[in-house]
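>>> only geometry, no sequence info:
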């Protein structure tokens with residue numbers, strides 16, 4: 001893993017992208033595009049009724065997938081910040097998003113042992129102790 005490229009900051013948390021992600025994005029877009037006709041057929045929509053090139057749709061789906069995972073990881077980060085931990089960065093990688101580096105503390109134990117199904121719910125629930 002080389003040095004990541006910084007995309008910006010969200011809520012003060014640096015968001016970075018690794019070169020491996022840039023390699024995976026076109027591959028995922030291609031794979032999603034290959035399934036475009038079958039997916040349209042599955043939901044009963046003729047391919048000709050959907051505008052745009054299937055490769056652009058594949059790219060849109062790949063970007064939406066990574067955006068949703070980024071949102072999920074951001075929720076973990078916001079929870080960590082709210083409970084007093086420090087988050088150094090969120091880095092997008094080809095194989096997923098690694099756990100960001102938190103300082104040790106109660107936040108990690110509460111977040112990882114939580115039975116809640118969603119990090120978003122975990123981060124956004126007000127007044128949690």
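Structure received. The structure displayed is predicted, hence computed values, not measured ones. Numbering: from 1, shown residues only.
>>> Please count neighbours and contacts with C-alpha atoms only from this point.
Will do.
>>> residues near residue 8, how many?
11 (other CA atoms under 10 Å).
>>> I misspoke; the intended subject was residue 45.
Neighbours of residue 45 under the rule other CA under 10 Å: 13.
>>> before we move on, what SS does it have?
Under DSSP: H, G, I helix; E, B strand; the rest coil, residue 45 falls in the coil class.
>>> And the helix or strand hosting residue 39, how far out from the chain middle?
Under the criterion of DSSP states H and E, residue 39 resides in helix 36-42. Counting by CA atoms, centre = their mean, to the nearest Å, helix 36-42 is centred 25 Å from the centre of its parent chain.
>>> Can you work out which other helices and strands pack against that helix?
If you count contacts as 3 or more CA pairs under 8 Å, 6 or more residues apart in numbering; DSSP states H and E, helix 36-42 packs onto helix 54-82.
>>> Stretch 30-50: end-to-end distance?
Start-to-end span of stretch 30-50 (CA to CA, to the nearest Å) is 18 Å.
>>> List the contacts of it.
Stretch 30-50 is contacted from outside by 54, 55, 56, 57, 58, 59, 61, 62, using CA atoms under 8 Å, 6 or more residues apart in numbering.
>>> confidence score at the second one?
Per-residue pLDDT puts residue 55 at 91.
>>> Nearest residue to it in space, please, no chain neighbours.
residue 33 (5.0 Å; CA to CA, 6 or more residues apart in numbering).
>>> Lowest average confidence across helices and strands of this structure, where is it?
The least trusted helix or strand in the chain, going by mean pLDDT, DSSP states H and E, turns out to be helix 106-113, with a mean of 47.
>>> Many thanks, have a good one.
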